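# here is a sequence together with a model predicted from it:
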Amino acid sequence: MDERTDFRAPGEPVTVLAPAGPFVGRRTGRTRRFLGVPYAEAPTGARRFAPPTPRGRSTEPYDASRHGATSQAVPLSATTTIPEPSVPGDDVLNLGIVAPDADGDRTPCPVLVWIHGGGFLGGSPASPWYDGRSFARDGVVCVTVGYRLGVDGFAVLDDVPPNLGLRDLLLALDWVRENIAAFGGDPERVTLAGQSAGGAAVLALLSSPAARGRFQRAVSLSGVAVDVGADRAGDFLGRLGRRLGVPPTRDGFAGRSVTDVQRAVIGLRDAAGDDALALGPFVGDDVLPTPIADGLAAHGHGVPLLLGATGDEFDGDTATGAPGARATGTRVTDTLFRAVCPRAALARRAAVAGTWLYSFEWPSPVLGGAAHCIDIPYFFDVLDAPGVPETLGPNPPAELATSMHADLVRFVHGQEPAWARATGALGDPAREYGRPGAGLTADTTGVFDPVTPFDPGTPFDPGTPAAKEATC
């Protein structure tokens, strides 16, 4: 039985014959959508806590007109900044493709592969904020990827390979390399991009020897650099097992449904002082053999990197509408998000491909600052998407979306950003977007210089109280 949502993309049917099989999507105007395309077998039964199994070739036309099942069975909270629909079903290792319409012998388009955020616990690739229609309009094939979350994706358990969620993403990139040409994409021009936990996954894979050659450019929006060790993970899973009444083992967790386990994780996440970031990229296996900072210094030197953060992230006062206090050096925004930018640039200072920084400064009148996630509709140029007015207000500046999206499109097309490279030094250049009192885009220096100096080589500790507040 097909358990996917009843929503169907509008438009007329269109069929693509790829190496993985025939897929029937929908064409609307000059855009084609193929949704819920499986890249791996459903991670159920014996496959639940195992590396992903490549999906066999489909011999019958596959209905790709609807979003596939999501790994998120339970939303992280009753309301989230980003609309994050949960789609029931087991076939969660799927991806969506939004591509320009085929036009004769058109030159293959560059590809943007997008990884959603959600603290490695939730989030949904089916969000309307990730609709790639504006990328398709501008000659880019946009791919959104679903991957395993929480315990199923990132638990450190005996007899379970670590980093199953990252292994899912690696297999998805393999699927793109083998199949995207059939959808009009160029498998040799793939940009890996993501936001929040998705941005963290980009940095993790950029630092991974296992990901070498799978993508040619990288973009990290508000990405954190989470290095999870066995002790922290084991402590969290022990408490989770007690909450569920099962031993903290593969068999113990496999005996409970994904939904039950996710509810228990959210319960611990909401408990004061608990460390939900223990479920994230694990350092010490073949995917991440070294801490991410060390991996960035050793790998990916031929991959250009664009990364940045919002000005306030989680420090805006959403209750009163007051903007967040800027540059205290100890707030969540600096310690968890913004410090990652100069540290990554410093680790990559020898990279021939270059690193570029941006800072999103436009303050939402609804959230009271340049808050976490609000740059996504601008980079995707989807200010008309559901949920945008509730987050950005009734009149977000369309010209800012036009400019930010254009910068990202140029990067995906292989162009070097118009501002200078960063090296991790004080006074590094960056592009600021939407700073009050300035133009909508302005190049500046020193925007990432902390008021309270920090050692760029000091690893981020995701167990700190500041980190525990920011897991989405």
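Looks like it arrived, so ask away. Numbers count the residues shown, from 1 in each chain.
# hang on, residue 137 packs against residue 100?
Yes. Using CB atoms under 8 Å, residue 137 is in contact with residue 100, at 7.5 Å. Heads up, the C-betas are built off the backbone N, CA and C, glycines and all.
# give the residues shared as contacts by the two.
When contacts are counted by CB atoms under 8 Å, 6 or more residues apart in numbering, residue 137 and residue 100 are jointly contacted by 30-31.
# which one of the two has more residues nearby?
Legend: neighbour count by other CB atoms under 10 Å for residue 137 and residue 100, higher for residue 100 (21 against 16).
# could you give the bridge partners of that one?
For residue 100, the beta-bridge partners under DSSP bridges are residue 31.
# residue 22 now?
Beta-bridge partners, per DSSP bridges, of residue 22: residue 17.
# contacting residues for it?
By CB under 8 Å, 6+ apart, the neighbours of residue 22 are 15-16, 58, 60-62.
# so for the residue nearest to residue 223 when sequence neighbours are not counted, what's the pLDDT?
Nearest-residue entry for residue 223: residue 199, 2.5 Å, with adjacent residues in sequence omitted and distances by CB to CB, 6 or more residues apart in numbering. Residue 199 is assigned a predicted lDDT (pLDDT) of 97.
# for residue 199, what are its contacts?
Here residue 199 is in contact with 115, 117, 219-224, 307 (criterion: CB under 8 Å, 6+ apart).
# now residue 54
Residue 54 touches 39-41, 171, 174-175, counting by CB under 8 Å, 6+ apart.
# helix, strand, or coil at the residue nearest to residue 223?
Secondary structure for residue 199, judged by DSSP: H, G, I helix; E, B strand; the rest coil, is helix.
# quick one: it from residue 219, how far?
Distance of residue 199 to residue 219, computed by CB to CB, to the nearest Å: 8 Å.
# between the two, which contacts overlap?
Common neighbours of residue 199 and residue 219 (CB under 8 Å, 6+ apart) are residue 307.
# return the distance of stretch 380-396 from the chain's centre.
Its chain's C-alpha centre and that of stretch 380-396 lie 20 Å apart, by CA atoms, centre = their mean, to the nearest Å.
# check stretch 27-43 too.
Relative to its chain's centre, stretch 27-43 lies at 18 Å (CA atoms, centre = their mean).
# show the average pLDDT along that stretch.
The pLDDT scores in stretch 27-43 average 97.
# now stretch 50-69
What stretch 50-69 shows for mean pLDDT is 96.
# now stretch 284-295
Stretch 284-295 shows an average pLDDT of 94 in the prediction.
# and that stretch, what's buried?
Buried residues in stretch 284-295, defined by neighbour count with 16 or more other CB atoms under 10 Å: 284-285, 287-288, 290-295.
# which pair in those residues spans the largest distance?
The largest separation in the buried residues of stretch 284-295, counting by CB to CB, is between 285 and 293 at 17.1 Å.
# what's the burial count for residue 346?
Per other CB under 10 Å, the neighbour tally for residue 346 reads 19.
# could you report the pLDDT at the closest residue to it other than its chain neighbours?
Closest residue to residue 346 apart from its sequence neighbours, by CB to CB, 6+ apart: residue 424 at 2.5 Å. For residue 424, the pLDDT comes out at 91.
# on that earlier part again, looking at the contacts of residue 54, which has the most residues close by?
Ranked by neighbour count under the definition other CB under 10 Å, the contacts of residue 54 are headed by residue 40 with 25 neighbours.
# ok, it to residue 289 distance?
For residue 40, the distance to residue 289 equals 24 Å [CB to CB].
# same thing with residue 25?
From residue 25 across to residue 289, the span is 39 Å (CB to CB).
# also residue 236?
Separation of residue 236 from residue 289 (CB to CB): 22 Å.
# now residue 136
37 Å.
# partners of the longest strand seen in the chain, with directions?
Counting residues, the longest strand found in the chain (DSSP state E) is strand 185-195. Its sheet considered, strand 185-195 pairs with strand 109-115 (parallel), strand 217-221 (parallel) by DSSP bridges.
# chain center to it: distance?
From the chain centre to the centre of strand 185-195 is a distance of 13 Å (CA atoms, centre = their mean).
# list the buried ones in it?
Counting neighbours by 16+ other CB under 10 Å, the buried set in strand 185-195 is 185, 187, 189-195.
# want to throw those into TSV with distance to residue 144 and pLDDT?
Formatted as TSV, these follow (distance: CB to CB, whole Å; pLDDT from 0 to 100):
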residue	distance to residue 144	pLDDT
185	14	98
187	17	98
189	18	98
190	14	98
191	13	98
192	12	98
193	10	98
194	10	98
195	12	97
